[in-house]
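Enquirer: the following comprises the amino acid sequence and a computationally predicted model.
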Amino acid sequence: MIDQKSLNDLNKKLKEISDELEAAAKKVRSVAVQGLVSEVNKIRNTIILEMQRGVKTGKLYKRGKKFHQASAPGEYPALDRGPLLTSIFYDIDEPNLKVELGNLVGAPYGEFLEFGTKYMEPRPWLEPSIEKHQDGLVDHIGNVVFNEIKKPFEGLH
C-alpha cells in the first residue's frame with residue numbers, strides 16, 4: 001500500500017483554505033462597506049473644508065455689521081449662514097454598494113450653487129469633491145477587499 005500521508009496533509013491544508021475563504025467571502029461585503037464609509041467621509045470633509053477655508057474671490061459686501069466674501073463662479077460656495085454646510089449628508093446602500101451624497105431639504109439652494117441658474121454661474125461643490133476622491137475610493141475598497149481575500153493564503157509555503 002502506498003503511504004498517502006503527504007496527500008492527506010495536502011487535502012487537510014486545502015480544506016482549511018477552503019473554510020477560511022468561505023469565512024472571508026462572508027466578510028468581504030462588510031469590509032467593502034466600511035471602506036466605502038471611510039472614503040465617503042473624506043468626500044464630505046473635503047466639501048466642508050473647501051466651503052469653510054477655500055479661496056473665495058467673489059464680491060465683498062456688508063450685511064449688517066459683518067462683511068461677507070462671496071464665492072466667484074467656479075469656486076466652492078462661500079459660507080454665509082451655514083445651512084448648506086450642515087445639510088450635507090450621505091447614505092450607503094450596503095447590498096448594492098452604492099452611495100447617495102448631497103444635501104438635505106434644509107438648504108434646497110445646494111443644487112442652484114452646484115449647477116447655477118439663469119441669474120448665477122455655478123459654484124460647484126459636490127462634483128469636484130467626488131472627482132477628487134473617486135480613484136482613491138475605488139483603490140481603497142479594492143485594497144481592503146483584496147487584503148481580506150488573501151488572509152487564508154498568508155503563511156503558506
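Expert: Yep, that arrived.
Enquirer: packing partners of the longest helix seen in the chain?
Expert: Ranked by residue count, the top helix of the chain under DSSP state H comes out as helix 5-53. Where contact means 3 or more C-beta pairs under 8 Å, 6 or more residues apart in numbering; DSSP states H and E, helix 5-53 is packed against helix 83-87, strand 88-93, strand 98-103, helix 127-150. The way it works is simple: take the backbone N, C-alpha and C, and place the C-beta from them, glycine included.
Enquirer: for the shortest one, which positions count as buried?
Expert: Buried residues in helix 83-87, defined by neighbour count with 16 or more other C-beta atoms under 10 Å: 84-85, 87.
Enquirer: quick one: mean pLDDT over the longest helix of the chain.
Expert: Averaged over helix 5-53, pLDDT sits at 91.
Enquirer: give me the angle between it and strand 88-93.
Expert: Here helix 5-53 runs at an angle of 160 degrees relative to strand 88-93 (axes from the mean of the first three to the mean of the last three C-alpha atoms, to 10 degrees).
Enquirer: from Gly74, how far out is the most centrally placed residue in the chain?
Expert: For the chain, Val40 is the residue whose C-alpha lies nearest the centre (C-alpha atoms, centre = their mean; 2.0 Å). According to C-beta to C-beta, to the nearest Å, Val40 stands 24 Å off from Gly74.
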